[in-house]
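Asks: sequence and predicted structure below; questions after.
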Amino acid sequence: MKNQVQLITYVDRLGGGGMRELHRLLTGRLRDVFGAAHLLPFFHPIDGADAGFDPIDHTQVDPRLGDWQDVKALAQDIDLMADVIVNHISADSPQFRDFHARGSASDYDGLFLTFGQVFTDGATEQDLLGIYRPRPGLPFTFTTLANGERRILWTTFTPQQIDINVRHPQGSAYLASILKTFSENGIRMVRLDAVGYAIKSAGSNCFMTEATFDFIGEFAAQARELGIEVLVEIHSYYRRQIEIAAHVDWVYDFALPPLVLHAFNFRTARALKGWIAVRPTNALTVLDTHDGIGVIDIGADAADREGSPGLVPPGELDRLVDMIHERTGGSSRQATGAAASNLDLYQINSTFYDALGRSDRQYLLARAIQFFLPGVPQVYYVGLLAGANDMELLAQTRVGRDINRHRYSPDEIERALAQPVVRDLVELIRIRNRHPAFGGQFQLLASPDEQLALLWTDGSEAARLEVDFRSLNYRLEFTEHGVLRPWEFSGY
């Protein structure tokens, strides 16, 4: 994976077109800005129950966006990442329709995970209460098939997203076909969506167990044989993230977004510096993604709150959530938790720009912090354009995460790129991509609690960032021909 900033985007929401239009944007107006692009689900269909994360056919490009030849053409100009949705498949898929029609006579009878496949001897109340799920209730759907058979299906997220048995030969073949299709069409990185839930075992919480690690290792080995790197997507207790990172190619630094917000709101870098000192470096750093801003990633371990404290005390974490809602003018509250569908108990739905109260200075400093941490930075398309919460789209869909999934027209993109805050962000991305210091050694420098000081050096080359969270003063310097020179945001 290149040590350059990556873009996260839906194909059809950045310019309103398909693969070819996105290709023109990335090789035209945004030429040389990004080293890679993570294309969010572009499979058939892109407008299912969960914005493409419930594919009917994971190996088919939605024809409204183009075809695999268009993907392959784009991959020749920029490295591409795509999602492998390992946990589930749409209830409208040909496989599930066949299973629903024929039951145990179907060739796909073993593909879909049932209650009985996990709890072969039945389950106690404690077994069921111990299952970890990111949403209220139990992860099961009671179904009567067309032939009269009754099954209890695992549905971790929604009844429309049917969990697959990744250990069954049908499940293995299904996932292998996705990897093969990706490899043949130029995809060189994959993100394992919801992989923490992929293995369910009786007597466990069915989330990130030892068996899950084994599965990730096996899947990653298959991917590497095809020249594909693997990114694991998991929201969990921070020490578990450190453990996971030791077993995989890449993880997300999901603790970073709430910790940066904590630093600006509480005017202290104490918690942020504590994380920087221990965080894994094989990380993709993010401030925003297509999902919400995680809270679980910096809180106490939900399974052991007394013995496993979080990076931020419970009272401060609760106050931080309220502060974010206040800074968005209450718009994020309307999109979070019970206020909207697609309930995610551990996420706040808002653009990162709005979560900082649309403060250009704080937003650019947050991006600078992100770019200075070891790892590979990713910037979400709404964040690239300093987007605000889309209340109109939220009102239309009542899906909380849509507040941060605006559909940009070409004219809107041009207007956004002309904003000083976006111009500065694009220039900062270019510096991060090309400055040699970021290929050298990283240091977290000693500083008072209210300040953060980061340094990269490679021989005579250096990059330095200092931020005072009380005064919002900053020092940002990069070497030019061996001489350290200041770099300032326009008008901030």
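Replies: Good, I have the coordinates.

Asks: show me where the stretch 351-492 of the chain has its helices.
Replies: 352-355, 360-372, 381-384, 391-397, 410-417, 420-434 (DSSP state H, counting those that start in this stretch).

Asks: what's the first one in contact with?
Replies: The contact list for helix 352-355 (C-beta atoms under 8 Å, 6 or more residues apart in numbering) reads 257, 261, 287-288, 293, 324, 327-328, 331-332, 348, 363, 366, 380, 382-383, 386-389. Bear in mind the C-beta positions are built from the backbone N, C-alpha and C, glycine included.

Asks: ok, back up a step: CSV for the helices of the stretch 351-492 of the chain, including distance to Leu65?
Replies: Shown next, in CSV, are the helices of the stretch 351-492 of the chain (distance: least, C-beta to C-beta, whole Å):
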stretch, distance to Leu65
helix 352-355, 26
helix 360-372, 29
helix 381-384, 15
helix 391-397, 19
helix 410-417, 16
helix 420-434, 25
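
Asks: make CSV out of the ones you listed and add mean pLDDT.
Replies: Listed next are the helices of the stretch 351-492 of the chain as CSV, based on pLDDT from 0 to 100:
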stretch, mean pLDDT
helix 352-355, 98
helix 360-372, 98
helix 381-384, 98
helix 391-397, 95
helix 410-417, 98
helix 420-434, 98
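
Asks: Glu125 is nearest to which of those?
Replies: helix 391-397 (36.3 Å; C-beta to C-beta).

Asks: so which elements touch that closest one?
Replies: helix 331-334 (3 or more C-beta pairs under 8 Å, 6 or more residues apart in numbering; DSSP states H and E).

Asks: just checking, what packs against the helix it packs on?
Replies: helix 314-327, helix 352-355, helix 391-397.

Asks: what's the most buried one of these?
Replies: Among the helices and strands packed on helix 331-334, helix 352-355 has the highest mean neighbour count (mean count of other C-beta atoms under 10 Å), at a mean of 26.

Asks: and that helix, how far out from the chain's middle?
Replies: 16 Å (C-alpha atoms, centre = their mean, to the nearest Å).

Asks: now swap in stretch 239-252 and tell me
Replies: Counting by C-alpha atoms, centre = their mean, stretch 239-252 is centred 14 Å from the centre of its parent chain.

Asks: and it, what's buried?
Replies: Within stretch 239-252, the residues scored as buried using 16 or more other C-beta atoms under 10 Å are 240-241, 244-245, 248-252.

Asks: out of these, which are inside strands?
Replies: Cross-referencing the buried residues of stretch 239-252 against strands under DSSP state E gives 250-252.

Asks: what's the closest of these to Ala146?
Replies: Closest to Ala146, out of all of these and judged by C-beta to C-beta, is Tyr252, at 40.5 Å.

Asks: distance check, that closest one against Val376.
Replies: 11 Å (C-beta to C-beta, to the nearest Å).

Asks: mutual contacts of the two, please.
Replies: Common neighbours of Tyr252 and Val376 (C-beta under 8 Å, 6+ apart) are 283-284.

Asks: list the contacts for the most centrally placed residue in the chain?
Replies: Computing the C-alpha centroid of the chain and ranking residues by C-alpha atoms, centre = their mean puts Thr289 first, at 5.0 Å. Applying C-beta under 8 Å, 6+ apart to Thr289 gives the contacts 8, 252, 378, 380.

Asks: mind splitting the protein into its structural domains?
Replies: Domains of the chain are assigned by automatic domain parsing as 6-85+171-439, 94-162, 443-486.

Asks: so for the last one, mean pLDDT?
Replies: Across domain 443-486, pLDDT averages out at 97.

Asks: could you do the second one as well?
Replies: Here the mean pLDDT over domain 94-162 is 94, rounded to a whole number.

Asks: and the furthest pair within the buried residues of stretch 239-252?
Replies: Arg240 and Asp249 (17.2 Å).

Asks: please enumerate the strands of the stretch 51-200 of the chain.
Replies: 57-61, 79-85, 88-90, 140-144, 150-154, 161-163, 189-193 (DSSP state E, counting those that start in this stretch).

Asks: can I get the second one in CSV? Just the C-alpha atoms.
Replies: I take that to be strand 79-85. Below are the C-alpha coordinates for strand 79-85, written out as CSV (Å, rounded to 0.1, in the frame of the first residue of the first chain):
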residue,chain,number,x,y,z
ASP,A,79,-4.8,2.0,-6.8
LEU,A,80,-8.3,0.7,-5.8
MET,A,81,-9.8,-0.8,-2.7
ALA,A,82,-13.1,-2.5,-2.6
ASP,A,83,-15.3,-4.1,0.1
VAL,A,84,-15.7,-7.8,0.7
ILE,A,85,-18.9,-8.1,2.7
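
Asks: what angle separates it from strand 189-193?
Replies: 30 degrees (axes from the mean of the first three to the mean of the last three C-alpha atoms, to 10 degrees).

Asks: please apply the same query to the fifth one.
Replies: Interaxial angle, strand 150-154 versus strand 189-193 (the same axes, to 10 degrees): 120 degrees.

Asks: strand 150-154 - contacts with which helices or strands?
Replies: If contacts are counted by 3+ C-beta pairs under 8 Å, 6+ apart, strand 150-154 sits against helix 115-118, strand 140-144, strand 161-163.

Asks: got it, and the last one?
Replies: Judged by 3+ C-beta pairs under 8 Å, 6+ apart, the packing partners of strand 189-193 are strand 36-39, strand 79-85, helix 210-225, strand 229-232.

Asks: the first one: what's the following helix or strand?
Replies: Past strand 36-39, heading to the C-terminal end, the next element that is a helix or strand (DSSP states H and E) is strand 43-44.

Asks: quick one: that next one to chain centroid distance?
Replies: On C-alpha atoms, centre = their mean, the centre of strand 43-44 falls 19 Å from the chain's centre.
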